Structure formats: structure tokens, C-alpha cells
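1. I would like to see how this sequence folds:
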Amino acid sequence: MFVMDVAGPAVVFGSTQSAALADESVAVAAGVEIASRRSGGGAVWLAPEDSVWIDLVVSRGDPLWHDDVAKSMWWVGEAWCAALTALDICGLSIHRGALVTSPWSRLICFDGLGPGEVCRDGAKLVGISQRRTRDLARFQCVLYRAYDPSLMLSVLRDPRPEVDALRPVATIDASASAVVDSLSGALAAC
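-> Now for the predicted structure:
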């Protein structure tokens with residue numbers, strides 16, 4: 001388990017996206033860093049205090065390893081659900097079906113829903129992307145304590161959606177440290 005510290009606002013593009021989707025001059029003026037990750041999916045908004053970013057890594061020999069890429073993310077969702085339930089967060093579910101897309105999900109990660117991802121009352125709460133090699137799987141997870149995509153959208157080039165065109169995103173009212181501690185406990189139980 002690797003807990004990432006978000007130092008400043010950033011838009012992080014998935015491995016199949018180009019950083020040219022962002023207007024660099026607008027991003028610089030707004031103080032938003034543009035970055036890319038090696039795992040797939042759409043752009044993710046990160047903001048200090050609002051985002052909880054945790055990476056989980058398992059090796060091929062780990063009992064949690066699964067050769068099926070989609071099913072390999074289910075245990076991650078289960079661990080998140082156990083951790084959030086322990087924090088009295090209700091209405092949770094794990095998506096175990098195929099990728100659910102929207103008109104904007106290729107651009108914005110939280111507008112789609114992938115295997116293992118966690119919803120709260122039907123709205124995405126925990127986003128998960130995966131980077132895998134023959135020997136390791138790294139699951140990059142983001143949960144929001146607060147979410148306002150307007151700054152992220154302002155640095156993206158057209159075509160881009162309006163905020164009200166995006167699917168709702170769930171948030172929680174718990175400290176980042178409580179989330180980290182609870183997930184750590186849930187992982188120990190795995």
C-alpha cells in the first residue's frame with residue numbers, strides 16, 4: 001500500500017491520452033499541474049485535502065493475484081468497501097460488470113465505471129486504474145472527500161463537457177488519515 005500525498009491541484013491523464021488535451025497556458029495560470037500515469041483510463045482530478053490517492057501492489061504469487069484483468073480488480077473494491085463500511089459509510093456497491101461508458105468517460109475517468117470500482121448510492125466513489133506486468137499489478141485508487149470538476153474542465157481543450165453534463169461523483173465526510181487507517185486494516189484482513 002502506497003499513500004500518495006497530493007501537493008497541489010493536478011490533472012493526471014491516462015496512458016492512452018495525450019497531455020495536449022490540456023491547454024498548458026491556462027493550466028499554468030490556474031496553478032494546475034498536468035501529468036500522465038502509466039495506467040489506463042481517463043483524466044483524473046487531484047486536489048490537496050480533497051483527494052485520497054492510494055496505490056496497491058500485488059505480485060503474481062500473491063493469493064490476491066488474478067489473471068483475468070477485470071476480476072483482478074474485484075478484491076480492491078472489496079477492500080475499499082470493507083474500509084468504508086468500517087467508517088460508517090453506507091450505500092456501497094462494487095461494480096463487477098463490463099466497463100460502463102458515457103459520452104465523456106474516455107476523457108474523464110470518473111464519468112465511467114470499471115470493474116472493481118466502488119459506488120455510493122449509484123454514484124462512483126472510488127476510481128481504480130491498473131498497470132500490470134508479468135510479475136506485478138499496481139492498482140491506482142482515488143476517492144474524493146470533495147469533488148468539483150470545474151477547475152479540471154477549465155484547463156482542458158475543446159471539446160470538453162460542461163459540469164452538468166458529467167455523471168454525479170460521490171464523496172465522503174471522513175479524514176484522509178481515517179480512510180488510510182481503515183483501508184490498511186481492511187487489507188490486513190485480506
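2. alpha carbons only for contacts and neighbour counts from here, please
-> Noted.
3. state the mean pLDDT of stretch 155-168.
-> Here stretch 155-168 scores 97 as its mean pLDDT.
4. what residues of that stretch count as buried?
-> Of the residues in stretch 155-168, 155-156, 161, 166 count as buried by neighbour count, 16 or more other CA atoms under 10 Å.
5. alpha carbons of that stretch, as CSV, please.
-> Extracted in CSV, the C-alpha atoms of stretch 155-168 (Å, rounded to 0.1, in the frame of the first residue of the first chain):
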residue,chain,number,x,y,z
VAL,A,155,-7.8,23.6,-18.3
LEU,A,156,-9.0,21.0,-20.9
ARG,A,157,-9.2,22.0,-24.6
ASP,A,158,-12.4,21.7,-26.5
PRO,A,159,-14.3,19.5,-27.0
ARG,A,160,-15.0,19.2,-23.3
PRO,A,161,-18.2,18.8,-21.3
GLU,A,162,-20.0,21.3,-19.1
VAL,A,163,-20.0,20.3,-15.4
ASP,A,164,-23.7,19.5,-15.5
ALA,A,165,-23.1,17.0,-18.4
LEU,A,166,-21.0,14.8,-16.2
ARG,A,167,-22.3,11.9,-14.1
PRO,A,168,-22.5,12.6,-10.3
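6. so, low pLDDT: which residues of this protein?
-> Along the chain, the model assigns pLDDT under 70 to no residue.
7. pretty sure residue 186 sits in a helix.
-> Yes - assessed by DSSP: H, G, I helix; E, B strand; the rest coil, residue 186 belongs to a helix.
8. what are the boundaries of the strands in this structure?
-> Ranges of strands in the chain, per DSSP state E, are 2-4, 10-13, 33-36, 44-46, 51-59, 92-94, 118-120, 123-132, 136-144.
9. export the buried residues of stretch 155-168 to a markdown table and tack on distance to residue 17?
-> Listed next are those as a markdown table, based on distance: CA to CA, whole Å:
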| residue | distance to residue 17 |
| --- | --- |
| 155 | 15 |
| 156 | 12 |
| 161 | 17 |
| 166 | 19 |
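10. residues touching residue 186, list them.
-> 79-80, 82-83 (CA atoms under 8 Å, 6 or more residues apart in numbering).
11. no further questions, thank you.
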